[in-house]
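Asks: no sequence for this one, just the structure:
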């Protein structure tokens, strides 16, 4: 368990496992998510068989379009029948109030490794005056990560800015491929 500093809200969000932390990173990276909280509420109910159940979902997220999603994180191989009953009850409650529900497992290993790396550059302190515009312009024509960054200046100074711009969605690359020196990076239009 621990706390993850979310750039989306400029505050910490709790997690109780590495899987939850990875999904917090993923929500923080998703431009459609404007706010999220961990263990946001408790649900209590009695099943048709008279069994009393309770559950605190892992996350509640609000999207830019005003919709909401409740997220539970559990690897597929660790979903026991009692847990599945709780997830089903949570989904029913979400549907009753017009929220989406997602039961999520492991994220693609390459994508999550890339997101973990980029998350290290999510803080606004990586915005360097003058370098942001130059770094974006360098990738107007898609090119290799380090090669294009080196055209702007010393890669030690420029790469943190580029990684921040990748995190913010102002630059893009294929996150399903390992991020490296030769990753093809381009500017996002708009």
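Replies: Sure thing, it's come through. Only a predicted model underlies this, so the values are computations on that prediction, with no experimental measurement involved.

Asks: Please report phi then psi for the closest residue to residue 117 other than its chain neighbours.
Replies: Spatially, and ignoring its direct neighbours in sequence, residue 117 is nearest to residue 179 (6.1 Å; Cβ to Cβ, 6 or more residues apart in numbering). (Each C-beta comes from the backbone N, C-alpha and C, glycine too.) Backbone torsions of residue 179, given as degrees, to the nearest 10, read phi -70, psi 120.

Asks: Hmm, residue 179 is touching residue 116, no?
Replies: No: assessed by Cβ atoms under 8 Å, residue 179 is found out of contact with residue 116, at 10.3 Å.

Asks: The closest residue in space to residue 131 that isn't next to it in sequence - how many residues pack around it?
Replies: The spatial neighbour of residue 131 that comes closest, neighbours along the chain excluded (Cβ to Cβ, 6+ apart), is residue 161 at 4.6 Å. Residues near residue 161, counting by other Cβ atoms under 10 Å, number 23.

Asks: Mind listing residues that contact the one helix or strand residue 161 maps to?
Replies: Counting by DSSP states H and E, the secondary-structure element that holds residue 161 is helix 155-168. Outside of helix 155-168, the residues within contact range by Cβ atoms under 8 Å, 6 or more residues apart in numbering are 7, 29, 117-123, 126-128, 131-132, 134-136, 139, 145-146, 149-150, 152, 171-173, 185.

Asks: Give the partner strands of the helix or strand following it in its sheet and their orientations.
Replies: Beyond helix 155-168 in the direction of the C-terminus, DSSP H and E gives the next helix or strand as strand 171-172. In the sheet containing strand 171-172, the strands it pairs with under DSSP bridges are strand 184-187 (antiparallel).

Asks: And the strand it pairs with, how far out from the chain middle?
Replies: 20 Å (Cα atoms, centre = their mean, to the nearest Å).
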